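> Structural data only, the sequence is not supplied:
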């Protein structure tokens, strides 16, 4: 039978007060906490080693012992001894579920309870300047009342959580739907990647990407508004509605591409432009050219067909022949052949 045991080489003689309270005194962290295993620390008890001097090092010695136990069975034990003890995190914060990331040289309070060999630690927070990076997760129970009967374990789906992760450069807050909430929100600030994301888990999100100078707003139907540097993109598969008292647009180029364009104007449309090019057939219910908007003169280049009567107030001149198949009053029409 092989046994691996790590224990403090000194003898802990607990006083009556220590037996009652479990408090063993101050300890010094001998090694930086290992990320992912921060709950276990190697600690040098100061009250048991009051005269310890020099550098604090984790340097256990290994011994192997052999023998025969009381039942006559042979055994072999490997024992590591040193000036430190392995202590577990004593969590007195009911909402914090990850231990502090303690560094070598920080001081902690040490405890042993009911004569058990297990040591526990909690920080004194007197040397927090030694800390470099931390991962802190807090969880707040958000279970339905019925869950109390079954003692359902707390997890990310039935709690509200808050994470501060300086190792990966992010902060995050989450809610859940365990109590019938309409949405489960996540707010994540990722400084390392330069992104802020607000989402509900159903496809609705807002994202700010500082590295790309881009802001995106999108819902689960993929209706999307994007501010990409100096470009604004708007996408909707059905309809975009805008309503206001006055809509002012100022630009150098206005491009409109559509299968059909319909304008319903209650009073009038006023266009001020030196040149208007209309390519294709133009149908108008009525047309009047007056001097109100300009000189009042109009010209047509090319052929023009007029169906219906035409009334002209003023003289009519033509530089070529004019034919009137239905006839006309003699002397009232003059042409280039006169």
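All right, it came through fine. Note that the coordinates shown come from a computational prediction; the quantities given were computed from them, not determined experimentally. Residues are numbered from 1 along each chain as shown.
> give me the number of residues near the closest residue to residue 23 other than its chain neighbours?
Using CB to CB, 6 or more residues apart in numbering and skipping residues adjacent in sequence, the residue nearest residue 23 is residue 111, 5.8 Å away. C-beta here means a position set from N, CA and C on the backbone, and glycine is covered the same way. When counting by other CB atoms under 10 Å, one arrives at 21 neighbours for residue 111.
> how close does residue 111 sit to residue 89?
Distance from residue 111 to residue 89, counting by CB to CB, to the nearest Å: 11 Å.
> all strands for the stretch 201-338 of the chain, in order.
Along the stretch 201-338 of the chain, the segments classed as strands by DSSP state E, counting those that start in this stretch run 205-209, 214-218, 224-228, 231-235.
> now the ones you listed in a markdown table, with mean neighbour count?
Shown next, in a markdown table, are the strands of the stretch 201-338 of the chain (neighbours: other CB atoms under 10 Å):
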| stretch | mean neighbour count |
| --- | --- |
| strand 205-209 | 16 |
| strand 214-218 | 16 |
| strand 224-228 | 14 |
| strand 231-235 | 10 |
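> before we move on, the earlier item: who touches both of residue 111 and residue 89?
120-122 (CB atoms under 8 Å, 6 or more residues apart in numbering).
> Which of these ranks first by neighbour count?
residue 121 (26 neighbours).
> and the helix or strand hosting that one, what does it pack onto?
Here residue 121 is covered by strand 119-123, with elements defined by DSSP states H and E. When contacts are defined as 3 or more CB pairs under 8 Å, 6 or more residues apart in numbering; DSSP states H and E, strand 119-123 packs onto strand 40-45, strand 85-89, strand 107-111.
> circling back to that earlier point, tabulate the strands of the stretch 201-338 of the chain (a markdown table), appending distance to residue 251 and mean pLDDT.
Shown next, in a markdown table, are these (distance: least, CB to CB, whole Å; pLDDT from 0 to 100):
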| stretch | distance to residue 251 | mean pLDDT |
| --- | --- | --- |
| strand 205-209 | 26 | 98 |
| strand 214-218 | 22 | 98 |
| strand 224-228 | 17 | 98 |
| strand 231-235 | 12 | 97 |
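> Could you chop the chain up by domain?
Listed by automatic domain parsing, the domain ranges of the chain are 2-130, 135-235.
> Touching, residue 228 and residue 207? I think so.
No. Assessed by CB atoms under 8 Å, residue 228 is found out of contact with residue 207, at 11.8 Å.
> Against residue 92, how distant is the residue nearest to residue 23?
Counting by CB to CB, the gap from residue 111 to residue 92 is 11 Å.
> Give me the common contacts of the two.
residue 122.
> Mind jotting down where the helices sit in the stretch 1-150 of the chain?
With helices called from DSSP state H, counting those that start in this stretch, the stretch 1-150 of the chain shows them at 16-21.
> strand partners of the strand holding residue 121, parallel vs antiparallel please.
Strand 119-123 has the following strand partners under DSSP bridges: strand 85-89 (parallel), strand 107-111 (antiparallel).
> Double-check residue 263 against residue 269; I have them as touching.
Yes. The pair residue 263 / residue 269 is scored as a contact, 7.3 Å apart, by CB under 8 Å.
> Spatially central residue for this structure, please.
residue 197 (1.3 Å; CA atoms, centre = their mean).
> Which element, helix or strand, includes that residue?
strand 195-199.
> could you give the angle of that strand to strand 205-209?
Interaxial angle of strand 195-199 relative to strand 205-209 (axes from the mean of the first three to the mean of the last three CA atoms, to 10 degrees): 180 degrees.
> can you give me the offset of strand 195-199 from its chain's centre?
1 Å (CA atoms, centre = their mean, to the nearest Å).
> buried sites along that strand?
195-199 (16 or more other CB atoms under 10 Å).
> Next: stretch 158-177.
Per 16+ other CB under 10 Å, stretch 158-177 contains these buried residues: 158-163, 165-166, 170-172, 174-176.
> what's the first-to-last distance across stretch 173-183?
14 Å (CA to CA, to the nearest Å).
> oh sorry, the question was meant for stretch 186-203
With CA to CA as the measure, stretch 186-203 spans 12 Å from end to end.
> Residues contacting it, please?
Contacts for stretch 186-203 (CB under 8 Å, 6+ apart): 168-175, 183-185, 205-211, 218-220, 222.
> Filter those residues down to the ones in helices?
Judged by DSSP state H, the contacts of stretch 186-203 include no members of helices.
> quick one: residue 100 and residue 108, what's the gap?
In terms of CB to CB, residue 100 sits 10 Å off from residue 108.
> what is in contact with those two at once?
residue 123.
> Reformat the strands paired with strand 119-123 as CSV; add distance to residue 303 and mean pLDDT.
Formatted as CSV, the strands paired with strand 119-123 follow (distance: least, CB to CB, whole Å; pLDDT from 0 to 100):
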stretch, distance to residue 303, mean pLDDT
strand 85-89, 94, 92
strand 107-111, 99, 93
